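Asks: Got a predicted model here, sequence first, then my questions.
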Amino acid sequence: MQSGVLTDYAVKLLERGYICVPLRAGGKHLDLAAMEYDPVHLRTLRKDLKELAFTATTFHLAQKPPGSGDILRWFRGFAGNIGILGGYGNLMVLDFDDKAGYRAWVEDHKEIAGRTPLARSPNGFHVYLRTREPMVSSSLHLGLRRIGHVKALGGYVVACPSALKDGSSYSWLDGQSPFDVEPQAVDDLAGMSLRPVSALKHHYDRLLKRGFFERQ
């Protein structure tokens, strides 16, 4: 997609309630320089700094969303890939690593999957939903099996029309782009037979009352 078309696409998605972020050409990583952040992880080649920068930046943007002027600056003359931010407006994307994991889940959730934005990734699928309460990015489990990732606060997904260096690409399913349908509203992962951790760890954490804190 040409730069001007990509810019217009990102602005139109912002009008639909999605924040687009520039990604490095041919890849999946945030292009922090294009977003006017210092890409310190590229100078140091430290993975921990990369993970911190990506999580902090995406969380910040979900809380303090950019306006159309910011989007225009980021994408004007930009020739890389494009991502969609998780967490903004409680957007949650189920990122299935492969088709088998998606098919195992969708067998009992065809109504949700058929009425919400849905994209093909090189190996699996992205299901776009909105939750009633904020969600945090995590792993995605169906029973005892990890089948992908949850992209919400602190995360993002590579989006259509991005293409990777190996020639694979991302595409919306016919009639299920963000311009065709709104994300379905869901309560949480459990209501869709999913968990951020395995079933065993989930029950262990509940027993120990992990994941909450007392108000000060």
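Replies: Looks like it arrived, so ask away. Source: prediction; values computed, not measured.
Asks: Buried residues in the lengthiest helix in the chain, which are they?
Replies: Once the chain is assigned using DSSP state H, the helix that runs over the most residues is helix 47-63. Of the residues in helix 47-63, 50, 53-54, 57-59, 61-62 count as buried by neighbour count, 16 or more other Cβ atoms under 10 Å. All C-beta spots, glycine's among them, are computed from the backbone N, C-alpha and C.
Asks: Same check on stretch 149-163?
Replies: For stretch 149-163, by 16+ other Cβ under 10 Å, it's 149-160, 162-163.
Asks: cool, and stretch 92-111?
Replies: 92-97, 101-102, 104-106, 109.
Asks: end-to-end on that stretch?
Replies: By Cα to Cα, to the nearest Å, the extent of stretch 92-111 from end to end equals 17 Å.
Asks: That one: how far from the chain's middle?
Replies: 15 Å (Cα atoms, centre = their mean, to the nearest Å).
Asks: contacts for that stretch?
Replies: 84, 86, 113, 121, 123-131, 135, 140, 142, 145, 147-152, 157, 186, 192-194 (Cβ atoms under 8 Å, 6 or more residues apart in numbering).
Asks: Could you pick out the buried ones from the residues you listed?
Replies: Counted by 16+ other Cβ under 10 Å, the contacts of stretch 92-111 give 84, 86, 113, 121, 124-131, 135, 140, 142, 147-152, 157, 186, 192, 194 as buried.
Asks: Would you state the helices of the chain in chain order?
Replies: Using DSSP H, helices in the chain cover 3-15, 40-44, 47-63, 68-75, 99-106, 110-113, 199-207.
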